[in-house]
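# coordinates only, sequence not included:
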């Protein structure tokens, strides 16, 4: 019987042969890429690869080996395609995204739309991003905001996408996929929630609390201490403060920004009631035109994949082979198919980067749907 050292030496010899054969195969893949450059033939031939995988795996002696051969050659083919995309990119054969690069996002005083009423966190994010050099108006819903930029009633809209405590604002991810609108900027806002009431209100007399559902979630620990309170969700934190003022009921309170208390003449009953004292919300600035600032370093993508084994893995590998860092990934259900999902991915890079163009070229061929949501 062979000892461990002899077995390892044999494995090393086989591995060396595999490396040599792999290099030969990649060299031939480069020749295939040259042929495709000349003829305009697509890199990804899914039907041919499926047949090839079936043929190769059928040569296995047992089920375990069959599965291993399928996985091995599926990966080899994936690597070969990525090399071909790189070669096509070097020859200028990959179509560049239809975006316009600009030196400045704002050349004139813009009109900006936000959801809610005066004092909303979206308004505060807007003011931080645009400073004071803008006109603005507010609408009732986030869909209304998207409609406003679609109809050219506003140049930009401000949408919350994610909170560090409560997670994503799922409706806005869906709206970004639905509308022809593009992310051009980002603003992270520190969120401080306070309990607001009438001037003569007292914490012990509160019976009903109004706020946005996300704000209620972000203050869950504080609210857990007051289980006797009825929690009612409204469309906006500032709307909640406005309602408390208008109703004039001492037993009502709102969870909103302390800034809102000043606007509506309310008293801050208790400050800093959010669970996470470092609580932040990430807002995006959206416009109707596919533009991006020349020094943008993040790209937002929406994509849908074949509902097959390994499809997400092979998609993400396009970033690996092009040295692209993925900084965020979220999933949302497809509106027309149960238990299938679309993915929202943020990566680092600029649309001018060769690696980004190679990765996008591969994704365009190998996904069932791809949309660049913007770059910022």
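Ah, there it is. Bear in mind the structure is a predicted one, so any value in this text is a computation, not a measurement.
# Can you list the low-confidence ranges for the stretch 51-200 of the chain?
Nowhere does the stretch 51-200 of the chain drop to pLDDT under 70.
# Endpoints of stretch 334-352, how far apart?
Start and end residues of stretch 334-352 are separated by 31 Å (C-alpha to C-alpha, to the nearest Å).
# quick one: average pLDDT of the helix ranked longest in the chain?
In the chain, with assignment by DSSP state H, the single longest helix is helix 4-39. Averaging pLDDT along helix 4-39 gives 93.
# What of stretch 233-241?
Per-residue scores along stretch 233-241 average to 94.
# and for it, what are the contacting residues?
115-121, 123, 140-141, 193, 196, 210-213, 215-216, 243, 254-257, 260-261, 263-264, 266 (C-beta atoms under 8 Å, 6 or more residues apart in numbering). To be clear about C-beta, it is placed using only N, CA and C from the backbone, and glycine gets the same treatment.
# quick one: buried residues of stretch 304-313?
Under the neighbour-count criterion of 16 or more other C-beta atoms under 10 Å, stretch 304-313 has 304, 305, 312 buried.
# ah, wrong one, I meant stretch 231-238
Using 16+ other C-beta under 10 Å as the test for burial, stretch 231-238 gives 231, 234, 235, 236, 237, 238.
# so who does residue 195 touch?
Residue 195 makes contact with 203, 206, 209, 222, 253, 254, 255, 268, 269, 270, 273 under the criterion C-beta under 8 Å, 6+ apart.
# Show me what it bridges to in the sheet.
Beta-bridge partners recorded for residue 195 (DSSP bridges): residue 255, residue 270.
# same thing with residue 285?
Going by DSSP bridges, residue 285 forms beta bridges with residue 158, residue 185.
# is it true that it touches residue 183?
Yes. Assessed by C-beta atoms under 8 Å, residue 285 is found in contact with residue 183 at 7.0 Å.
# which neighbours do these two share?
Shared contacts of residue 285 and residue 183, defined by C-beta under 8 Å, 6+ apart, are found at residue 376.
# list the buried ones in the longest helix of the chain?
Within helix 4-39, the residues scored as buried using 16+ other C-beta under 10 Å are 29, 32, 33, 36, 37.
# was I right about residue 368 contacting residue 308?
No. Contact criterion C-beta under 8 Å: residue 368 and residue 308 do not qualify, at 10.4 Å.
# Burial check on residue 47, number of neighbours?
Neighbour count of residue 47, defined by other C-beta atoms under 10 Å: 7.
# before we move on, which element is it in?
Taking DSSP states H and E as the definition, residue 47 sits inside helix 46-57.
# Quick check: buried residues in that helix?
Neighbour-count burial for helix 46-57 [16+ other C-beta under 10 Å]: 49, 53, 56, 57.
# I'd like to know which elements it is packed against.
Helix 46-57 sits against helix 63-90, with contacts defined as 3 or more C-beta pairs under 8 Å, 6 or more residues apart in numbering; DSSP states H and E.
# ok and the helix it packs on relative to helix 46-57, angle-wise?
Using axes from the mean of the first three to the mean of the last three C-alpha atoms, to 10 degrees, the direction of helix 63-90 lies 140 degrees away from that of helix 46-57.
# Just want the angle from helix 63-90 to helix 4-39.
40 degrees.
# now the helices: where do they sit in the stretch 201-350 of the chain?
Listed in chain order, the helices of the stretch 201-350 of the chain (DSSP state H, counting those that start in this stretch) span 213-218, 220-224, 237-247, 258-264, 311-321.
# For those, state which one has the densest average packing.
Mean neighbour count, computed with mean count of other C-beta atoms under 10 Å, is highest for helix 237-247 among these, reaching a mean of 22.
# Tell me how far it lies from the chain's centre.
32 Å (C-alpha atoms, centre = their mean, to the nearest Å).
# next one: stretch 40-54
Put simply, stretch 40-54 sits 30 Å off its chain's centre (C-alpha atoms, centre = their mean).
# Contacts made by that stretch with the rest, please.
For stretch 40-54, contacts defined as C-beta under 8 Å, 6+ apart pick out 33, 35-36, 70, 73-74, 77, 81, 84-85, 88, 362, 365-366.
# JSON lines please, covering those and showing distance to residue 174.
Converted to JSON lines, those look like this (distance: C-beta to C-beta, whole Å):
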{"residue": "33", "distance to residue 174": "38"}
{"residue": "35", "distance to residue 174": "42"}
{"residue": "36", "distance to residue 174": "37"}
{"residue": "70", "distance to residue 174": "35"}
{"residue": "73", "distance to residue 174": "37"}
{"residue": "74", "distance to residue 174": "32"}
{"residue": "77", "distance to residue 174": "34"}
{"residue": "81", "distance to residue 174": "31"}
{"residue": "84", "distance to residue 174": "34"}
{"residue": "85", "distance to residue 174": "30"}
{"residue": "88", "distance to residue 174": "33"}
{"residue": "362", "distance to residue 174": "26"}
{"residue": "365", "distance to residue 174": "25"}
{"residue": "366", "distance to residue 174": "24"}
